[in-house]
Structure formats: C-alpha cells, structure tokens
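> Starting from these lines, generate the structure:
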Amino acid sequence: MRDKFRVIRKAVFTLAVGMAFFLFACQVKTIIERVPEGKKPVLDLYDTAKQYYQAEQYEDALTAFTRILTEYPDHPVVPSVKNGIASTYYRMGDFHNSLAEALEWLEMYPDDPLKGEILVLIGNNYSALGDGSEAFRWWLEAENAAAAGYQLGDQQKDIDDMIIDLINRSPAGQLKEMAEYGSESIYIPNIYQRLAMIYLEENSLDNARDFAMLLVRSSKEQHWVDIGREILDKTYQDIGKGKVGIRGIGVIGCLLPLSGPYALYGQEILNGIQLGMDLFNKSESDQDLELVIRDTKGSVEDAINGVEELVQRENAVAIIGPLASEPATAAVKKAQELGVPIISFTQKEGITSEGDMVFRNFLTPSKEVEAVLNKALIDMGMKRFGIFYPDNAYGRFFMNLFWDRIEEMGGTITAVESYKADDTDFATGIKKMVGLYYPRPESVVRMLEIKKTLEALKEMGYGYYWGYWPWNITDVEEEPRNIFEQEAEVGQWDNAKNMTEQEEDEEPEPIVDFDAVFIPDSHQQVALIAPQFPFYNVFNVPFLGTSLWMSDELLETARGYVQGAIFPSGFFIGHDSEIVVEFVKAYKENFEANPTVLAANGYDTVRLIKDILRSNVIRTGIDFQKAILEHDTFNGVTGEISFDDQGEVEKDPVLLTVYGRRFHLLHSSP
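Numbers count the residues shown, from 1 in each chain. From the prediction side, this is the model:
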C-alpha cells in the first residue's frame, strides 16, 4: 500500500512539475539565453536540491535532482547529482532503489573523485538490507579507495567502527564470507575471533578450535595471539571425544622422517619412542595414552602440515620431533604459532629461540665441543691443537666453534687445514699441517738442526732443559752452547752435531707443534684419515672428534690408528647403569639390533612426557610448557634430563675413548 501511494504521489508530483514547466517555459528559455550554458541555473538548482536534502525534505530533493538530469544530462555536475539521488533514496528508506542507483553510478563513473562515497553508500545499503558479507566487501573496497586517494565524505572517520560493529553483530555464515573477502585485510583477526567465540558458545569445539588457530596464525600482534590461545585453552578444557588420556589428555604427536633420505634415522627414533610407550608390553602399556605419528618425509611442507594436523585434528598435547634442520625449524615455528609444546631432536644452534613452546632434547655442537675440551685442556693439560676439517657446512661450523672455544679457554690453535668432503687422499692437508708441503725457511731448518743435535746429546747421556717442541728460535740460537757447556764438553756438542749431519735424511721430519688434532667428520672419513698421519711420521698424537664417530665400524676398520681418541656421544651402549642395561636388552629383544643415540633420545623423550602427564594436571599447551620447565630432573638412558628457561636440555654428553678393541667411558671435568 505504501509503495502504491508513493507511485501515485510521484505521478501527481511529476504532472505538477510538468505544468509548472509549461507555464514558465518562456521565462526559463529567456534565462538560459541570457546565462551561458552550465552556469547559474543548473548550479542554483543543484544548491536547492542539496538544501532540501540537508533539511531532510527528501521528496523535494529528489525532484530537484531529477530535474537536473532531465534538463542538463551532459552537465559536469551530473555525477554529483546521481550521487545525490542514490543518497536521497537511502535516506528515504528505499534501499533497493538506492543500491541500484549507486551500482549504476559506479559503472558509469569508475574513476570519479566521488567513488569512495559511492562505495560506502553501497555498503550501507547492503547492511540495511541485512547482507553483512556484501556490506563488509563494499566498505572494505571503500577503505582501499581511500588509501588510493578517494574521499569517503562524512564517513571517512567512521568506516573502521562501522566494519568492527558489523563483524560483532554478524552470524557465522556471513562472517565466513567476510573472511574470504578480507583474507588479507586488517580485519581478519576480528573475524576469526568472532567466529571462534560463536562456535565456543554453541559448544562446537572443533570449529571453535579451528578458528582460534586461524586467529593465532593471522597476526603477528601478541594481542591477537594471546586471545587465540585463550580460546584454544577453553576448547581443550571442554574436549570430550571419548579418548581419555592421562589426566584427561590422550595424544602425543610424533613428527619423523619415515620415508625419504632421512628415513633410517627417523625409524631409529620411532623405535625408541615405541619402546618408551610400552607398545610391546600389553599388560603394562599406557592404554589411555595415544601416539599419533606423521611422516615429514624430510620436507618442510610436510613438517608444517604435520604440526597442523596433530594439533587441529588429533588434539596433541605435545609433539616430538622433527630431526633434520630445515623441517625442524619450520615445525617449531608452526608449533609456537599454534601454542603447542614441541620437543625437537635437531642439533641446529638457536632452535629454541623460536619461542617459549620450543624445546630440544638433543646434544648441541657447543655442548659436544665443550665436553671434549674440558677433558683435553683441564684434565689432560693439552694446550696446542690442530684442526683438520672437511670443507662443508658441518666441518666449517665445528672448526669455528672449536677454535673459538679453544681461545676462550686459553689454548692455542697451531695448525688448521681443510679437505674436500669426498676426498680419499689427505696427503696435501696433512703435509701442510706439519710443514712438509712448502720449502722451509732457513731459520726453521736451523732450528730443526739444533733440535736433532739436542736429541743426539740426550742419547749420549746428556740432558737439556727444554721440555717440548717448538722451542723459541731466538733462545735456541743464542744459548745452546752456553747451556751445554754446563753439562757437556763443547767437543761432545760438536760430536753430536756431526752425527746428525752424517745421517741420511732424504725427507725432512714433520714439525708436530700440536698436542691433539680435532677432526669433525663422520666415522667413515675418520677411518680413512687417521692411518695417513703416521704415514707422514706423525705418531702418538691423539685425535679429538664429534658424536659422528660413534660407530662400531670405526673400531673394525681403524681402531689401531685411533687409540686414545676422545669424542662425545649422547648415549653409550656399554654403560653399566641399570636403566641403560634394561633399555639395551629390551631394544635388542624387539628390534634385533643395538640401540643408537637416536633411539635412546626417542625413548627418553616419550618417557619424560609420560612422567609429566602423570605428575601434573595438563589441560592446555601452556600447562605442559610450565610443567616441563618445573619438572624434577629426569633420569634417562641418555643422562639426567632437565630444561633451562630457554628450552634447552641440560644434560652432559658421555665422553668415549678407544682402548684396545673397544670404546671405553671417560669422565669429563665439571
């Protein structure tokens, strides 16, 4: 009835206008002839229309605007007039006509300065018609237009509040559409928060958790991350899926490379984890604790996807793994983002700096080097060291780490040489280390002559006071005869000198000015390198290594050349502690092989998690994170385990040496 009345009224009004126009046609024609086209009449009429609009006399305003379009269709003021018509319809409550006029305007004048105002008006109409997602879309377009220099009129300052208010009052369906429109906008955290809260209130916990996780990922602002985690905590507290674990939490996630280039290592860790879960002992296994495994395949993408699946689908309270450096880095970043604790096995330095949810239960290179040097410098009194390293990332990293630590501890590096990672002949590097590669300066030759003479005198029964090589060249050249005149006749010195000069010496002797040589490489390469040192007359110099040396193959192929070597390991199968003996026995029974350090770390890690879950009420990731930091030292097969406030494991490596046919346990200095 209202629309019918409006049509009748409009028809009457149009007739009246037509009559008025007819009555005053001559007068108008006269005015037009006197005033240049596009000047005073149309502008006066436009001002009149605006006055009606501002006075809320919308019918009169619409009439005036329409008259301008009829009489001056090509005038430059027409875009403003059509904007006025669309705005007037909106003020009259005729949102359909207003929307139609505004969309037509946008099609006709896409680059007009009034574009921003029209975009806001389109959004206003959709909002009034109850279509929140379309309102959001057009208001977002208006903000983008404003950023490009278009004005938004009176709503320039209000548009942000309008969008936030729209988000807060829209239903879930429209919010999801808004999320599609505004996935890159500043409002996406607001949308995800609203969706998460809607589903939380409806007790739709899966959906609430999904959008809370999207919220955490959507912004780097700590404010939004905290809100997302709070919602996640609430969803975890209310989860009821029928899988009840220890104290209400039933899933431990596991990310390992079970296929691809690192599959062998991933399987070893998994063996240890399965043993630690008591999966092979049905009568005592943790039936209320579930292990969910995802294969990273050694790739970054699969590691990230694995974290998301373990958290979003499986509700994992904690994640174990990954192993390799790049997948581990990606995984811990994602776990930190989602607020789930993760215990990684990577050796990459600084991995725990990614966040407070990131932990590591694996020896770092710095801990390995520190343990070896504590033994060598403090216990054994070594001061001078050589470094023989592969020219690859691993070798260069350990070379720099070892060198820096030596200088900090007051030692000296006297020789450093590298070799290609795939070399099998190491003659060049070894010769350079002991002065056999380049021609020797005269001063060095002279020094070596004096040394040989002194050694000849010693064989003749005369002593000397220099304790080890090298001597200070200046002192040797200035004082040797005076010193030996005290204990031997000058003639004896000359006799000894003549004896050494008469010896056949086709090859010069090596200059061994180091107490030990550090070789940061695999046991396979060490087995090739070690025999070549004595080939160049370098004897009785112990080798120092890294945890890569831990292999029975080293004993089988090169034990005669690595006697007395010192290297660290995270686990020693020959340890006589009761828990190690039991672990080794159980591992052999189930896998018909000896456990490696990887298996031992997997075993300890899952047992530590079980211990934490039994000892604490764990409902959220934050609960677990606090519990692991406060947990008492855990006695594992790899040593006593605890974590510092940076998430790094606090345990010392075992030190091993080669004596006879076996590895033997050493003890490092405190």
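
> how about low-confidence regions in this protein?
Along the chain, the parts satisfying pLDDT under 70 run over 1-40, 153-157, 232-250, 279-288, 437-507, 667-670.

> According to the record, where do the domains of it fall?
Domain assignment for the chain by automatic domain parsing gives 1-31, 35-169, 239-358+577-650, 367-436+512-569, 442-502.

> where exactly do the strands run in the stretch 551-670 of the chain?
Ranges of strands within the stretch 551-670 of the chain are 566-569, 634-636, 639-641, 654-659, 662-666, based on DSSP state E, counting those that start in this stretch.

> just the stretch 251-400 of the chain next, same as before
With DSSP E, counting those that start in this stretch as the criterion, the stretch 251-400 of the chain has strands at 251-256, 290-295, 318-320, 342-344, 358-360, 384-390.

> neighbouring contacts of the second one?
Contacts with strand 290-295, where a contact means Cβ atoms under 8 Å, 6 or more residues apart in numbering, come from 243, 245, 250-259, 266, 270, 273-274, 277, 279, 302, 305-306, 309-310, 314, 316, 606. (Each C-beta comes from the backbone N, C-alpha and C, glycine too.)

> how about L166, what does it touch?
S127, G132, A135, F136, W139.

> Check the gap between it and W139 for me.
To W139, L166 is 7 Å away according to Cβ to Cβ, to the nearest Å.

> ditto for Y536
Going from Y536 to W139 by Cβ to Cβ gives 79 Å.

> Comparing those two, which residue is more hemmed in?
Per other Cβ atoms under 10 Å, whichever of Y536 and W139 has more neighbours is W139, with 26 against 18.

> check which helix or strand covers the more buried one.
Assigned by DSSP states H and E, W139 belongs to helix 132-147.

> Buried residues, that helix. List them.
For helix 132-147, burial by neighbour count (16 or more other Cβ atoms under 10 Å) applies to 132-143, 145-146.

> swap in stretch 406-426?
I406, G411, I413, T414, A415, V416, E417, S418, Y419, D423, F426.

> cool, stretch 349-359 as well?
Using 16+ other Cβ under 10 Å as the test for burial, stretch 349-359 gives I351, T352, E354, D356, M357, V358, F359.

> ok now do the first one, which residues does it touch?
Right, the one you point to is I351. By Cβ under 8 Å, 6+ apart, the contact list for I351 reads A328, T329, V332, S344, V358, R360.

> One more: the last one?
Taking Cβ under 8 Å, 6+ apart as the criterion, F359 is in contact with P341, I342, I343, S344, T352, I628, F643, G647, E648, V649.

> Quick one: the helices in the stretch 351-500 of the chain, in order.
Remark: helices assigned in the stretch 351-500 of the chain by DSSP state H, counting those that start in this stretch are 365-373, 393-408, 427-433, 442-459, 473-478, 480-485, 490-502.

> By neighbours, which of the contacts of F359 wins?
For the contacts of F359, the largest neighbour count, defined by other Cβ under 10 Å, is 32 neighbours, found at I342.

> Distance check, the residue nearest to that residue when sequence neighbours are not counted against Y192.
The shortest distance from I342 to any non-neighbouring residue, by Cβ to Cβ, 6 or more residues apart in numbering, is to A335 (3.9 Å). Distance, A335 to Y192, by Cβ to Cβ: 19 Å.

> So for these two, which sits in the more crowded spot?
Ranked by neighbour count (other Cβ under 10 Å), A335 and Y192 place A335 first, with 31 against 26.

> which residues does that one contact?
A335 neighbours (Cβ under 8 Å, 6+ apart): V307, V311, I319, P341, I342, M357, V358.

> The residues you listed: which two are farthest apart?
Distances among these were taken as Cβ to Cβ; the most separated pair is V311 and V358, at 14.3 Å.

> Looks like A145 contacts G116 (just checking).
Yes. A145 is in contact with G116 according to Cβ atoms under 8 Å; the separation is 4.5 Å.

> Overlap in contacts, these two.
Shared contacts of A145 and G116, defined by Cβ under 8 Å, 6+ apart, comprise L152.

> how far away is the residue nearest to Y659 when sequence neighbours are not counted from V512?
Leaving out its chain neighbours, the residue that sits closest to Y659 by Cβ to Cβ, 6+ apart is Q563, at 6.7 Å. Relative to V512, Q563 is positioned 17 Å away (Cβ to Cβ).

> same question, E177
77 Å.

> Then R294?
For R294 relative to V512 (Cβ to Cβ), the value is 52 Å.

> Same question for V340.
V340 sits at a distance of 54 Å from V512 (criterion: Cβ to Cβ).

> rewinding a little: ok, which pair from the buried residues of stretch 349-359 is furthest apart?
Most distant of the buried residues of stretch 349-359, by Cβ to Cβ, are I351 and D356, 13.1 Å apart.

> Now do the phi/psi pair for L45.
Dihedral pair for L45: phi -60, psi -40, per degrees, to the nearest 10.

> Does it touch L69 like I think?
No. Applying Cβ under 8 Å as the test, L45 and L69 come out as separate, 10.7 Å apart.

> For these two, indicate the residue with more neighbours.
Ranked by neighbour count (other Cβ under 10 Å), L45 and L69 place L45 first, with 18 against 14.

> Distance of the more buried one relative to S98?
In terms of Cβ to Cβ, L45 sits 21 Å off from S98.

> With F398 instead?
For F398 relative to S98 (Cβ to Cβ), the value is 73 Å.

> ok, V637 - contacts?
For V637, the contact set (Cβ under 8 Å, 6+ apart) comprises F571, H575, S577, I579, V580, F583, A600, Y603, D604.

> rerun that using 10 Å as the cut-off
V637 makes contact with 272, 276, 570-573, 575, 577, 579-584, 587, 595, 597, 599-601, 603-604, 607 under the criterion Cβ atoms under 10 Å, 6 or more residues apart in numbering.

> Just the buried ones out of those, please.
Neighbour-count burial within these applies to 272, 276, 570-573, 575, 580, 583-584, 587, 595, 597, 599-601, 603-604, 607; the criterion is 16+ other Cβ under 10 Å.
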